[in-house]
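S.K.: coordinates for the following, if possible.
(one chain, ligands or ions: 2)
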Amino acid sequence: MVDFSLKGKVALITGASYGIGFGIATAYHKQGAKIVFNDIKQDLVDKGLASYKELGIDATGYVCDVTNEAQVQDMVAKIEKNVGPVDILVNNAGIIKRIPMHEMKASEFRQVIDIDLTGPFIVSKCVLPSMMKRNQGKIINICSMMSELGRETVSAYAAAKGGLKMLTRNIASEYGEYNIQCNGIGPGYIATPQTAPLREKQADGSRHPFDSFICAKTPAARWGTPEDLMGPAVFLASGASDFVNGHVIYVDGGILAYIGKQPK
Ligand code: NAP
Ligand code: GCO
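M.R.: Ligands and ions are numbered 1, 2, ... in the order given. Have a look, this model is predicted:
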């Protein structure tokens with residue numbers, strides 16, 4: 001019997017006050033999971049709690065910077081005490097800096113790597129011992145088109161997301177014997193605050209050139225939404241994927257398969 005239920009499971013989704021993480025958390029709630037999330041600012045955690053409450057979701061939120069190992073250890077301990085051991089971890093928290101590489105400061109490069117790659121390492125490391133003890137666990141890393149492709153101005157982000165794909169494969173390799181599955185989701189271009197600058201209307205009211213570019217590069221001819229990610233995220237968190245390990249599922253509307261709409 002294929003089992004997509006998450007009933008009674010404790011799901012930690014990092015950086016899930018809004019955006020993709022919030023969408024995944026709502027899908028997990030619908031499948032019966034207990035929702036826990038973090039953000040780096042109390043006001044955002046409070047905003048997230050209010051948004052979850054509006055949907056009837058009694059989430060638990062913590063202020064925690066995923067790059068700070070002491071804060072993450074403390075948060076995981078509090079989750080275990082107050083909610084239960086983490087069964088499902090979604091490493092979603094992330095930032096992007098769009099700067100031409102030759103103009104990017106090393107400190108800016110390091111900040112993106114720290115949040116987008118070292119953060120998932122730290123949070124995964126903190127939840128693994130309990131998953132190993134219980135001989136079960138799901139770790140899902142939110143990768144990107146930039147785990148496979150490059151583009152101008154996103155060198156740090158592409159390096160981080162490429163690394164996150166290999167971290168996914170390595171966790172799968174090292175912990176598969178404990179019945180822990182680690183997979184990735186590679187969203188295409190999704191309409192969230194992170195991509196809002198790429199969709200802003202121009203001064204003359206016309207579409208942002210990047211908006212038109214992405215729609216021409218996507219067979220589905222549209223931006224994705226967090227809702228498009230819910231099904232794959234539930235699949236990877238559920239018993240239906242217990243023999244799927246070390247893969248990245250690209251939820252991109254077909255971008256990676258498509259050369260792009262030919263000019264008329
Ligand atoms: P978003 O709207 O910018 O949300 C990112 C979340 O991460 C925010 O809540 C942010 O909190 C939080 N965060 C940032 N740094 C953090 C830290 N050090 N510790 C804890 N939380 C932190 O981004 P999104 O579009 O939902 O993207 C979510 C994930 O999907 C990211 O990993 C992103 O790289 C990836 N992704 C996005 C797209 C897309 O097209 N949108 C496509 C592929 C992959 P603050 O608001 O406080 O900064
Ligand atoms: C960018 C975008 C992308 C998306 C996403 C695509 O500037 O190119 O922000 O990086 O966020 O990662 O999968």
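
S.K.: right, and Ile214 touches Trp223 too?
M.R.: Yes. Between Ile214 and Trp223 there is a contact under CB atoms under 8 Å: 6.5 Å. Just so you know, the C-beta spots here come from the backbone N, C-alpha and C atoms, and that holds for glycine as well.

S.K.: more crowded one of these two?
M.R.: Ile214 (23 against 19; other CB atoms under 10 Å).

S.K.: need the three-state assignment for that one.
M.R.: Three-state call for Ile214 (DSSP: H, G, I helix; E, B strand; the rest coil): helix.

S.K.: could you find the closest non-adjacent residue to it?
M.R.: Spatial nearest neighbour of Ile214, chain neighbours left out: Tyr189 (4.7 Å); criterion: CB to CB, 6 or more residues apart in numbering.

S.K.: got a pLDDT number for that neighbour?
M.R.: Tyr189 carries a pLDDT score of 97 in this model.

S.K.: just Met1 next, same as before
M.R.: pLDDT, Met1: 76.

S.K.: re the thing from before, looks like the residue nearest to Ile214 contacts Thr225 (just checking).
M.R.: No. Contact criterion CB under 8 Å: Tyr189 and Thr225 do not qualify, at 10.6 Å.

S.K.: more neighbours: these two, which one.
M.R.: Ranked by neighbour count (other CB under 10 Å), Tyr189 and Thr225 place Tyr189 first, with 23 against 14.

S.K.: measure the more buried one to ligand 2 for me?
M.R.: 5 Å (CB to the nearest ligand atom, to the nearest Å).

S.K.: what's that residue sitting at in phi/psi?
M.R.: phi -90, psi 110 (degrees, to the nearest 10).

S.K.: picking up where we left off before, what's the residue nearest to Ile214 in contact with, if anything?
M.R.: By CB atoms under 8 Å, 6 or more residues apart in numbering, the residues touching Tyr189 are 145, 195, 198, 214, 218, 223-224, 252, 255.

S.K.: mean confidence for the helix ranked longest in the chain?
M.R.: Longest helix of the chain, by residue count under DSSP state H: helix 155-175. Averaged over helix 155-175, pLDDT sits at 98.

S.K.: in that helix, which residues are buried?
M.R.: Of all the residues in helix 155-175, those buried under the rule 16 or more other CB atoms under 10 Å are 155-165, 167-169, 171-172, 175.

S.K.: out of these, which touch ligand 2?
M.R.: Tyr157 (CB under 6 Å from any ligand atom).
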